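*Asks:* The sequence and its predicted three-dimensional model are supplied below.
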Amino acid sequence: MGCWGKNDESPLGVGSDDDVVWYPSRVQGDGAWTNIVLMSFNTICANKDNGKTYCWGLNKTYNIPGAETGSRVEVP
């Protein structure tokens, strides 16, 4: 799965700290990503081929369950 776009505070999970990622870049993490289920302000959630859903990004708006508000959650 690839992501691109605005990346300030690194919500895309592609291993870049650049403010903008101009071209589709592979999302980090083990296993294969199957589809994106949520994209919001600084947060992405996607399914993996193991059937589980994972979320990452900057949890400014309480989108990532179990993560402290305002904390940066890395790609699993």
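*Replies:* Thanks, I have it. Numbers count the residues shown, from 1 in each chain.
*Asks:* Could you use CA atoms for every contact and neighbour count after this?
*Replies:* OK.
*Asks:* quick check: mean pLDDT across stretch 29-46?
*Replies:* For stretch 29-46, mean pLDDT is 79.
*Asks:* typed the wrong thing, it's stretch 56-74
*Replies:* 68.
*Asks:* Tell me how many other residues crowd the closest residue to residue 38 other than its chain neighbours.
*Replies:* Sequence neighbours aside, residue 45 is the residue nearest to residue 38 in space, at 4.9 Å (criterion: CA to CA, 6 or more residues apart in numbering). By other CA atoms under 10 Å, 18 other residues sit near residue 45.
*Asks:* Okay, residue 45 and residue 16: tell me how far apart.
*Replies:* 18 Å (CA to CA, to the nearest Å).
*Asks:* secondary structure element for the residue nearest to residue 38?
*Replies:* Assigned by DSSP states H and E, residue 45 falls within strand 43-48.
*Asks:* what sits against the residue nearest to residue 38?
*Replies:* 36, 37, 38, 39, 53, 54, 55, 56 (CA atoms under 8 Å, 6 or more residues apart in numbering).
*Asks:* Report the buried residues of the strand or helix carrying residue 23.
*Replies:* Here residue 23 sits within strand 20-26, counting by DSSP H and E. For strand 20-26, a neighbour-count test (16 or more other CA atoms under 10 Å) marks 21, 25 as buried.
*Asks:* For that strand, which helices and strands make contact with it?
*Replies:* The criterion is 3 or more CA pairs under 8 Å, 6 or more residues apart in numbering; DSSP states H and E, and the helices and strands that strand 20-26 contacts are strand 2-6.
*Asks:* on contacts alone, who are the packing partners of the strand it packs on?
*Replies:* strand 20-26.
*Asks:* Please find the angle between the direction vectors of the strand it packs on and strand 2-6.
*Replies:* 170 degrees (axes from the mean of the first three to the mean of the last three CA atoms, to 10 degrees).
*Asks:* Who are the packing partners of the helix or strand that comes right after strand 20-26?
*Replies:* The first helix or strand that comes after strand 20-26 along the chain, using DSSP H and E, is strand 33-40. In terms of contacts (3+ CA pairs under 8 Å, 6+ apart), strand 33-40 is packed against strand 43-48.
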